[in-house]
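> whatever this is, show me its structure:
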Amino acid sequence: MIRAFCVALPVALLAACGLAPGAAPAPLGCPANVAWVYPPLPPLNRELWQFSQAHLGQTVGTGECAEIPELGLRQVGGATTDDLGTTNIAGDYVWGDLVDTVTLSSPRLANVLPGDVIQFADADFRWQVAANAWETDVADHHTAVVSAVSADGANVCVFQQNSGGKRYVTYGYYEVVGITSGVLHIYRPKVRATLPRAPG
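This is a model prediction of the structure:
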């Protein structure tokens, strides 16, 4: 039980469990047959990750998906979509500095860390789970916090809510190389105090 909890921790807390940074066993809620990595995390990423982990099984706000990063970042002084607005896609929230974009032509994650925020826009996925079995997922308009990223950038585990009818925080898994349409924007949280001041 202790080890199962430890492998779900970000790198800043791994040492307390005797685990070194780099490849480690699968975090909770993630497939065990994938190589997951635990890179060093910026402070806001670490705090948002811990906020999300602490609220597993609980409803954050009213249970909308975006309320995990919205309330988590607000609590630790991070900028939210209320400060940063949206992209040119309706309802496509901005959560910080854009670090990666996943599309059908670029279907792997790069430079993405636990504690980053994923904004899904009209995204569909399909991936193989057995010899003759496939899983599909649809994220038309969805927000999630990265829990873990695979070493090859093909897979991501997330904290999410309002998914599958569950209006509380759960683990989620996406095989991003299985994207068949849509786009994922991945943002690095930023301190609210660094935002430019409005004129006047």
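
> contact partners for the residue most central in space within the chain?
With distances taken as Cα atoms, centre = their mean, residue 146 lies nearest the centre of the chain, 2.0 Å away. Shown in contact with residue 146 (Cβ atoms under 8 Å, 6 or more residues apart in numbering): 49, 112, 113, 114, 115, 116, 117, 118, 156, 157, 158, 186. All C-beta spots, glycine's among them, are computed from the backbone N, C-alpha and C.

> closest to residue 83 out of those residues?
Nearest to residue 83 among the contacts of residue 146 is residue 117, at 13.2 Å by Cβ to Cβ.

> dump the residue contacts of the closest residue to that closest one other than its chain neighbours.
With sequence-adjacent residues excluded and distances taken as Cβ to Cβ, 6 or more residues apart in numbering, residue 117 is closest to residue 95, at 3.9 Å. Residues in contact with residue 95 (Cβ under 8 Å, 6+ apart) are 69, 73, 79, 80, 81, 84, 117, 119, 143, 187, 189.

> just send the residues you listed back as CSV, with secondary structure too.
CSV is the format used below for those (DSSP: H, G, I helix; E, B strand; the rest coil):
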residue, secondary structure
69, helix
73, helix
79, coil
80, coil
81, helix
84, helix
117, strand
119, strand
143, strand
187, strand
189, coil
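
> can you say which of those are buried?
69, 73, 79, 80, 81, 84, 117, 119, 143, 187, 189 (16 or more other Cβ atoms under 10 Å).

> residue 32: which of those residues is nearest?
residue 117 (25.5 Å).

> look up how far residue 146 lies from that closest one.
7 Å (Cβ to Cβ, to the nearest Å).

> do the same with residue 175
Counting by Cβ to Cβ - residue 175 and residue 146 are separated by 14 Å.

> can you check residue 82 too?
In this view, residue 82 and residue 146 are 21 Å apart by Cβ to Cβ.

> same question for residue 126.
21 Å.

> residue 70 too?
16 Å.

> residue 51 too?
Counting by Cβ to Cβ, the separation of residue 51 from residue 146 is 13 Å.

> endpoints of stretch 78-95, how far apart?
Stretch 78-95 stretches 9 Å from its first residue to its last (Cα to Cα, to the nearest Å).

> in it, what's buried?
Buried-residue list, stretch 78-95, by 16+ other Cβ under 10 Å: 78, 79, 80, 81, 84, 92, 93, 94, 95.

> gap between it and the chain center?
16 Å (Cα atoms, centre = their mean, to the nearest Å).

> name the helix or strand for the residue nearest to residue 117, please.
Using DSSP states H and E, residue 95 sits in no helix or strand.

> again, but for the one 5 residues further on
Here residue 100 is covered by strand 97-102, with elements defined by DSSP H and E.

> residues in contact with that strand?
Contacts of strand 97-102 (Cβ under 8 Å, 6+ apart): 108-112, 116, 176, 179, 183-188, 190.

> and that strand, how far out from the chain's middle?
12 Å.

> pLDDT on it, on average?
Strand 97-102 shows a mean pLDDT of 96.

> ok, stretch 156-165 next?
Averaging pLDDT along stretch 156-165 gives 93.
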